[in-house]
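**Student:** Take this sequence and fold it.
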Amino acid sequence: MSTRSSISLKVNEDTIRTIYCHFDGYLSHNGKILLEHYDTYEKVEALIALGDLSVLGASTECKIGHSFDTPIKGLCIAYERDRGETGCKAATSYMITQALRRHGQAYNYVFRDGNWYMGTSNEILAPEMCIEN
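**Tutor:** Predicted coordinates:
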């Protein structure tokens, strides 16, 4: 069973880029990985550039032999890059509520102003929902 999540990057005041992640959206998994490995705008931007994910990993690299069928532990498994699917690019939204309603996910993670914020279902992410180490 999977716990779906969204991972978003606030690009500017008007734009949010969002990807879907199918597996283990819980704070104890995806939240922890995001905090520990995606702590700069550039790293989050590289993650979002992968498009929708089957599994979030600690690295966006694609090492030789890594694929959906033969994943290498710790690497992201992306639908387009690792499975050959189409239509999996990040969605660009102009309102946070649009970004959060993409796949009916249980958890939403948004990187903005150098911090990760988390919310559940379709709730708006408030500053008090900042995830801290």
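
**Student:** C-alpha from now on. contacts and neighbour counts both.
**Tutor:** Noted.

**Student:** Would you mind confirming that Cys21 makes contact with Ser6?
**Tutor:** Yes: at 5.8 Å, Cys21 counts as touching Ser6 under the criterion of Cα atoms under 8 Å.

**Student:** quick one, strands of the chain?
**Tutor:** 5-12, 15-21, 53-55, 77-78, 91-93, 107-112, 115-120 (DSSP state E).

**Student:** Just name the most buried of those.
**Tutor:** strand 77-78 (a mean of 28; mean count of other Cα atoms under 10 Å).

**Student:** Can you list the strands that that strand pairs with?
**Tutor:** strand 53-55 (antiparallel) (DSSP bridges).

**Student:** ok, residues contacting the strand it pairs with?
**Tutor:** 19-24, 76-79 (Cα atoms under 8 Å, 6 or more residues apart in numbering).

**Student:** Out of the residues you listed, which two are the most distant from each other?
**Tutor:** Maximum pairwise distance among these (Cα to Cα): 15.5 Å, between Asp24 and Tyr79.

**Student:** Pop out the phi and psi values for the nearest residue to Leu47 once chain neighbours are set aside.
**Tutor:** The shortest distance from Leu47 to any non-neighbouring residue, by Cα to Cα, 6 or more residues apart in numbering, is to Thr60 (6.1 Å). Dihedral angles of Thr60 (phi, psi; degrees, to the nearest 10) stand at phi -90, psi 0.
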